[in-house]
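In: Sequence below, structure please.
(2 chains)
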Amino acid sequence: MPKILVVTSGKGGVGKTTSTAALGAALAQSNQKVAVVDFDVGLRNLDLVMGAERRVVYDLINVAQGDAKLHQALIRDKRLENLYLLPASQTRDKDALTEEGVRRVIDELRERFDWIVCDSPAGIERGATLAMRFADVAVVVANPEVSSVRDSDRIIGLLDAKTEIAEKGGRMEKHLLLTRYDAGRAARGEMLNVDDVLEILSIPLLGIIPESEDVLRASNVGTPVTIHSGTSAPSRAYADAARRLCGAQVPMDIPSDKKGLLVRLFGRRAA
Amino acid sequence: MKLFNFFNRRTSAPVARERLQILLAHERASVSNSNLVALLHKEVLAAVSKHIEIDPDKVEIKLREGDAVSLLEIDIEISANAPARDAPAGVAA
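Out: Predicted coordinates:
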């Protein structure tokens, strides 16, 4: 049965789009058909992070309003044949998106894909509530930082109240993805550690993505980090998270890039 | 001097955790209260308008929380010529 996954956070800039692209690509790499859907109307960026910005013709709103067919709007990834992108509109007003329109698009996507990954905009307004509206699984992306954790708590409340599954008396499956984590700083007590955040938010942990230069490097060239540098620490962390989403038992560790002395001394300019 | 600072430095993460725990305990309570108030508003409105015609905007419900007691205030303004719904047709007209 297809899964509708929303990647959400409340706060902006914590890594929703990066995580959507990375998880979507990792799921597609495990031979599942994946559509990543950008809900950030007016400020789309998933196309850019996926490297498909010059291939956008039609978008989510065109399909929702019946001005374009779904297959016309879906952009097939050039690297992974199982991965597709449905971009958001850059020019339309966010009010152009309606609940009924989104429902129709999601229902149609359900027939063609195993995973539909919805990239939520920041905030708690229309775009964000519509992105989570029909989901059955939520990945809450948070940084180990007070404002991000507070906003995640708020979003968890909305996931339990304003989604279709919650209104029907069901339970939204929620997972925490902790991004930009610096294990060294957390160990020195300079940053909230994993246990602190888990205790406060009390939802299960999906993965810990270490702070890494590879994430920016991948978005610079428009490639999901899981495709760009398959062996890097963040890439392995996202791949593990994707396997956990599929129900696999993967031991939780914080991947790190072990650097030798030479790399430490001279590695900065290498990439 | 630097070494001295290193050993004396109070770590900031426990402060962050404590602040969040206090804040969120408060925020979670107030969010669930606002839901309660909205629900009460809806149900009181429904119950009263079965019998008296009222303007939904003139119904005010407040929940004030004190340390010892909490206060639930329900204010409903009824206009002087509001017809009673279950009054006999002849009287209402």
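
In: all strands for chain B, in order.
Out: B:59-65, B:70-76 (DSSP state E).

In: Validate this expectation: residue A:130 resides in a helix.
Out: Yes - per DSSP: H, G, I helix; E, B strand; the rest coil, residue A:130 lies within a helix segment.

In: Pretty sure it sits against residue A:39.
Out: Yes - the criterion here is Cβ atoms under 8 Å, and residue A:130 meets it with residue A:39 at 6.3 Å. Just so you know, the C-beta spots here come from the backbone N, C-alpha and C atoms, and that holds for glycine as well.

In: higher neighbour count, these two?
Out: Higher neighbour count among residue A:130 and residue A:39: residue A:39, with 29 against 25, using other Cβ atoms under 10 Å in any protein chain shown.

In: Could you list which residues are in contact with the closest residue to that one other than its chain neighbours?
Out: Leaving out its chain neighbours, the residue that sits closest to residue A:39 by Cβ to Cβ, 6 or more residues apart in numbering or on different chains is residue A:131, at 3.8 Å. Residue A:131 is in contact with A:6, A:8, A:39, A:118, A:119, A:120, A:121, counting by Cβ atoms under 8 Å, 6 or more residues apart in numbering or on different chains.

In: what are the phi and psi angles of the third one?
Out: Meaning residue A:39. phi -100, psi 0 (degrees, to the nearest 10).

In: OK, contacts around it?
Out: By Cβ under 8 Å, 6+ apart, the residues touching residue A:39 are A:60, A:88, A:97, A:118, A:119, A:120, A:121, A:127, A:128, A:130, A:131.

In: Now restrict those to buried residues only.
Out: A:60, A:88, A:97, A:118, A:119, A:120, A:121, A:127, A:128, A:130, A:131 (16 or more other Cβ atoms under 10 Å in any protein chain shown).

In: And the pLDDT at the fourth one?
Out: Looking at residue A:118, its pLDDT stands at 98.

In: which SS class is it?
Out: Taking three-state DSSP, the label given to residue A:118 is strand.

In: That one and residue A:233: what is the separation?
Out: Going from residue A:118 to residue A:233 by Cβ to Cβ, to the nearest Å gives 26 Å.

In: Heading C-terminal from whichever strand or helix holds residue A:208, find the next helix or strand.
Out: Residue A:208 is part of strand A:205-210, with elements assigned from DSSP states H and E. As assigned by DSSP H and E, the chain's next helix or strand after strand A:205-210 is helix A:213-220.

In: ok, and what's touching that next one?
Out: So helix A:213-220 is contacted by A:15, A:18, A:48-49, A:209, A:224-225, A:227-229, A:232-235, A:257, A:271 (Cβ under 8 Å, 6+ apart).

In: any idea which helix or strand comes after that helix?
Out: Sequence-wise, the next helix or strand downstream of helix A:213-220 (DSSP H and E) is helix A:225-228.

In: So which elements touch that next one?
Out: helix A:16-29, helix A:213-220, helix A:233-245 (3 or more Cβ pairs under 8 Å, 6 or more residues apart in numbering or on different chains; DSSP states H and E).

In: Establish whether the strand holding residue A:208 and chain B are in contact.
Out: No - Strand A:205-210 lies out of reach of chain B by Cβ under 8 Å from any Cβ of the partner chain, never closer than 15.6 Å.

In: Tell me who's in contact with residue A:118.
Out: A:4, A:5, A:6, A:7, A:20, A:37, A:39, A:131, A:132, A:135.

In: Tell me the bridge partners for it.
Out: Residue A:118 has these beta-bridge partners by DSSP bridges: residue A:6, residue A:37.

In: circling back: take the contacts of residue A:118 and lay them out in TSV including distance to residue A:186 and pLDDT.
Out: Converted to TSV, the contacts of residue A:118 look like this (distance: Cβ to Cβ, whole Å; pLDDT from 0 to 100):
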residue	distance to residue A:186	pLDDT
A:4	33	98
A:5	27	98
A:6	27	98
A:7	23	98
A:20	25	98
A:37	33	98
A:39	31	97
A:131	30	97
A:132	29	97
A:135	30	98
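
In: Tell me the one of those residues nearest chain B?
Out: Closest approach between the contacts of residue A:118 and chain B, by Cβ to the nearest Cβ: residue A:132, at 16.6 Å.

In: what residues are up against residue B:73?
Out: For residue B:73, the contacting residues are B:60, B:61, B:62, B:63, B:64, by Cβ under 8 Å, 6+ apart.

In: let's see it at 6 Å
Out: residue B:62 (Cβ atoms under 6 Å, 6 or more residues apart in numbering or on different chains).

In: which residues sit in contact with residue A:173?
Out: Per Cβ under 6 Å, 6+ apart, neighbours of residue A:173: residue A:137.

In: Which residues does it form beta bridges with?
Out: Beta-bridge partners for residue A:173, by DSSP bridges, are residue A:137.

In: so where's the chain uncertain?
Out: By default, I'm working from chain A. A:257-271 (pLDDT under 70).

In: Switch to chain B, please.
Out: Ranges of chain B meeting pLDDT under 70: B:1-9, B:32, B:82-93.

In: At the contact with chain A, which residues of it appear?
Out: Counting by Cβ under 6 Å from any Cβ of the partner chain, chain B comes close to chain A at B:11, B:13, B:16, B:17, B:20, B:24, B:31.

In: Can you say which of those are buried?
Out: Of these, these count as buried by 16+ other Cβ under 10 Å: B:13, B:16, B:17, B:20, B:24.

In: Done for today, thanks.
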